[in-house]
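need a structure here:
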Amino acid sequence: MRIAIAGFSDETCTFCKDPTTIDRYEPAVQRGQAILDGNRGVPTYISGYMQVLEAEGAEIVPITYASKTPGPFASWLTTDTFDKYADEIAAGLAGAGPLDGVLLSLHGAMAVSGVPKPEAELVRRCRKAVGAIPIMVTLDLHANEDHELTDAADAVFVLKTYPHVDSQETGEVAARCMVRTVRGELHPTQAIRRPGIVSASIFQASDQYPMKVVYDRCRDWEAKPGVICVSCAPGYAYADVPDIGMSVIAVTDNDQQLAETIAQDVSDLAWSMRDALARKLPKPQEGVAEVMRLVAEGKGPVVIADGADRIGDSTWVLKELLAQGARNWAIPGIADPAAAAYLEANHKVGDLVTISIGGWYNELSGTPAEVTGTIEYMGRPSYRLVGPMRRGMLVQDGFVARINLGDNRHVVVADRMRGSNDSAGLTSVGVDVATLDIIILKDRVHHRAYWDTVAKTDYPMDAPGLGLADLGLLSYENAPADAFPIGANWRGSR
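Numbering: from 1, shown residues only. As a prediction, the model looks like this:
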């Protein structure tokens with residue numbers, strides 16, 4: 001049994017200014033054996049494929065895996081960028097010799113200029129290259145997909161956890177289905193429904209209402225005979241594409257009617273809870289005051305989820321922390337390439353500096369914040385992740401400088417967007433996490449996989465930004481009119 005594996009991934013924020021080009025991808029592209037070496041021991045879809053296929057004695061044929069280099073979100077992929085990697089994957093499959101199946105690790109929220117449904121188009125190009133053998137796809141749960149993908153692929157499998165801690169498990173489910181399909185033991189049949197819901201990522205946590213109810217229903221169906229997989233992708237609200245929003249995909253063993261029944265049932269359930277996916281969150285002034293009250297009441301440490309910031313340069317929360325006199329806090333990254341370059345060229349550890357940081361990308365970022373403090377770390381830290389998401393993965397940062405503002409207040413100035421979904425991003429620059437009352441993360445939900453074990457309170461905030469919770473502040477051009485709550489039929493009705 002010879003199974004090819006490949007992938008092409010992006011979560012495209014079309015509201016950003018800068019297009020995504022080949023140079024953002026090429027340094028991180030893996031080809032051939034490098035795909036297997038790069039995923040072994042790290043919980044990914046591809047490591048899940050490998051786990052099952054190697055146990056079955058199958059020959060794995062790695063082709064190309066294309067994902068972006070670390071950094072801020074970017075806008076539409078250029079057509080040339082998409083064509084380069086889609087065609088490379090298709091050509092690699094065509095030249096790989098006889099194959100029994102193809103497993104594709106995709107994302108589902110890619111947006112490409114001139115290609116309305118890029119994941120479906122990629123599968124169609126792969127189909128042309130390999131013919132009528134099974135092609136199966138794994139997706140992130142932020143995927144925006146419709147029937148074009150399920151028409152093109154033999155089976156589609158989507159994550160069920162956010163934070164994403166089941167990537168390897170999802171890969172294993174897909175690979176087991178592939179093996180059994182090649183052997184003739186299964187005949188995957190799919191149905192898809194689109195409830196018509198668009199939601200901010202910060203409301204999509206899989207262990208909280210309403211998505212927990214949806215995923216519990218998916219698992220209930222999966223326990224029934226003849227059901228291979230039931231998935232719900234709540235979608236990605238920050239890609240202004242025609243297939244934006246939630247999708248439900250049911251995969252059964254040769255039972256189309258059962259697949260249709262399941263997909264409709266889960267879709268109806270999600271629609272009944274749609275209002276919970278469009279609620280209001282506190283703004284920075286109110287939110288910081290509430291966080292300081294929680295700390296004073298002994299309910300810290302508190303993690304502030306500054307989920308609207310997709311560039312890393314937002315200053316709204318930072319300015320409120322300074323204005324309201326908060327102490328014992330850290331921000332693992334304010335992305336400001338110019339400020340980082342200035343610090344690297346003109347200062348050293350121990351210097352007292354006054355510098356304006358952040359607020360440079362657009363009006364949603366806020367205005368630059370002036371900070372004064374002592375530089376206590378400068379460099380390009382290298383560290384391994386310690387939390388459940390991609391535990392053990394090596395991270396190589398660009399240049400960063402940590403400035404201590406006094407009163408145990410720390411700001412890390414970075415040359416690119418820098419998260420800290422576990423403690424390693426802070427400890428690598430010398431911050432003692434145990435001394436902090438407040439941790440401010442440029443994130444929505446992923447951080448909770450680790451930080452919920454450290455912090456007493458997770459506090460989402462809705463600052464202005466390109467990933468804000470109040471979707472009514474974004475201007476959509478391609479969303480369907482009936483998409484709740486952003487479509488033309490809903491605007492002004494709530």
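
so T170 belongs to a strand, correct?
No: applying DSSP: H, G, I helix; E, B strand; the rest coil, one finds T170 to be helix, outside a strand.

wait, it touches V156, no?
No: judged on CB atoms under 8 Å, T170 makes no contact with V156 at a distance of 10.7 Å. Backbone N, C-alpha and C define where each C-beta goes, glycine included.

settle it for me: which of these two has more neighbours?
V156 (31 against 26; other CB atoms under 10 Å).

now the more buried one: which helix or strand?
Using DSSP states H and E, V156 maps to strand 155-158.

against which helices or strands is that strand packed?
On a contact count with 3 or more CB pairs under 8 Å, 6 or more residues apart in numbering; DSSP states H and E, strand 155-158 meets strand 135-139, helix 167-182, strand 188-193, strand 227-233, strand 247-253.

buried sites along stretch 189-197?
For stretch 189-197, a neighbour-count test (16 or more other CB atoms under 10 Å) marks T189, Q190, A191, I192, R193, R194, P195, G196, I197 as buried.

quick one: distance of it to the chain centre.
Offset of stretch 189-197 from its chain centre (CA atoms, centre = their mean, to the nearest Å): 21 Å.

ends of it, what's the gap?
Its start and end residues considered, stretch 189-197 measures 25 Å (CA to CA, to the nearest Å).

average model confidence for that stretch?
Averaged across stretch 189-197, pLDDT comes to 98.

just stretch 131-150 next, same as before
Stretch 131-150 carries an average pLDDT of 98.

what count of nearby residues applies to A296?
Other residues near A296 number 10, with proximity taken as other CB under 10 Å.

what's downstream of the least confident helix or strand in the chain by mean pLDDT, the next helix or strand?
Sorting the helices and strands of the chain by mean pLDDT, DSSP states H and E puts strand 394-396 at the bottom, at a mean of 90. Downstream of strand 394-396, the next assigned helix or strand under DSSP H and E is strand 400-404.

which residues touch that following strand?
With contacts defined as CB atoms under 8 Å, 6 or more residues apart in numbering, strand 400-404 is touched by 333, 340, 343-344, 347, 353, 355, 371, 373-381, 410-415, 418, 429-431.

select only the buried ones of the residues you listed in PyMOL?
Filtering the contacts of strand 400-404 down to the buried ones (16+ other CB under 10 Å) takes a single PyMOL command:
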select buried, resi 333+340+343+344+347+353+355+371+373+375+376+377+378+381+410+411+412+413+414+415+418+429+431
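
of the contacts of strand 400-404, which belong to strands?
Counting by DSSP state E, the part of the contacts of strand 400-404 found in strands is 333, 353, 355, 371, 373-379, 410-414.

report the two of the residues you listed separated the most.
Farthest pair in the ones in strands among the contacts of strand 400-404 (CB to CB) is V371 and G379. Separation: 19.2 Å.

shaky segments in the chain?
Applying pLDDT under 70 to the chain flags residues 492-494.

try it again with 90
17, 69-74, 307, 309-311, 362, 388-394, 418-421, 466-467, 473, 491-494 (pLDDT under 90).

how about the helices in it?
Here the chain has its helices, by DSSP state H, at 22-25, 33-39, 45-55, 79-94, 118-130, 147-152, 167-182, 211-222, 256-272, 284-296, 316-323, 337-346, 424-427, 448-451.

what are the structural domain limits within this protein?
As recorded under automatic domain parsing, the domains making up the chain are 2-277, 284-468.

hmm, who's touching stretch 21-36?
With contact meaning CB under 8 Å, 6+ apart, stretch 21-36 is reached by 5, 7, 38, 46, 50, 60, 62-69, 71, 74, 77-78, 80-81, 84-85.

burial measure for P337, as a count.
For P337, the neighbour count with other CB under 10 Å is 17.

find the nearest non-adjacent residue to it, please.
Excluding the flanking residues, the one nearest P337 by CB to CB, 6 or more residues apart in numbering is D415, at 4.9 Å.

with F15 as the reference, name the closest of the helices and strands packed on strand 155-158.
So among the helices and strands packed on strand 155-158, strand 227-233 is nearest, using CB to CB, at 20.1 Å.

identify the residues contacting that closest one?
108, 139-145, 155-158, 160, 173, 177, 186, 188, 211, 214-215, 217-219, 221-222, 246-253, 258, 262-263, 266, 270.

count of residues packed around the nearest residue to N328 once chain neighbours are set aside?
If the residues on either side of it in the chain are set aside, N328 comes closest to D437, at 4.0 Å by CB to CB, 6+ apart. The tally of other residues near D437 (other CB under 10 Å) stands at 20.

do P43 as well
Residues lying near P43 (other CB under 10 Å) number 20.

quick one: it from L385, how far?
Counting by CB to CB, to the nearest Å, the gap from P43 to L385 is 10 Å.

spit out the residues that contact those two alike.
Counting by CB under 8 Å, 6+ apart, the common neighbours of P43 and L385 are R391.

contacts only, for M292.
Q324, A326.

reformat the buried residues of stretch 189-197 as a markdown table; add distance to V130.
Rendered in a markdown table, the data for these read as follows (distance: CB to CB, whole Å):
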| residue | distance to V130 |
| --- | --- |
| T189 | 20 |
| Q190 | 19 |
| A191 | 24 |
| I192 | 23 |
| R193 | 28 |
| R194 | 28 |
| P195 | 33 |
| G196 | 34 |
| I197 | 35 |
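
closest to P242 among those?
The nearest one, if we look at these relative to P242 and count by CB to CB, is R194, at 11.1 Å.

the closest residue to I249 other than its chain neighbours: neighbouring residues, count only.
Once flanking residues are discounted, I249 sits nearest to S231: 4.6 Å by CB to CB, 6+ apart. Look at S231: counted by other CB under 10 Å, it has 26 neighbours.

and what of D407?
Here the count is done by other CB under 10 Å, and D407 has 10 residues near it.

what about it, distance to L294?
Distance, D407 to L294, using CB to CB: 18 Å.

residue contacts, R176?
V52.

how much space between the residue nearest to N328 and D443?
D437 is 18 Å from D443, where distance means CB to CB.

touching, Y162 and M211? I think so.
Yes: under the criterion of CB under 8 Å, Y162 makes contact with M211 at 7.3 Å.

which neighbours do the two share?
Counting by CB under 8 Å, 6+ apart, the shared contacts of Y162 and M211 are Q204, A205.

is it true that A455 touches P301?
Yes: with contact defined as CB under 8 Å, A455 counts as touching P301 (4.5 Å).

overlap in contacts, the two.
Common neighbours of A455 and P301 (CB under 8 Å, 6+ apart) are I439.

picking up where we left off before, next one: phi and psi at the residue nearest to P337?
According to degrees, to the nearest 10, the main-chain angles of D415 amount to phi -80, psi 0.
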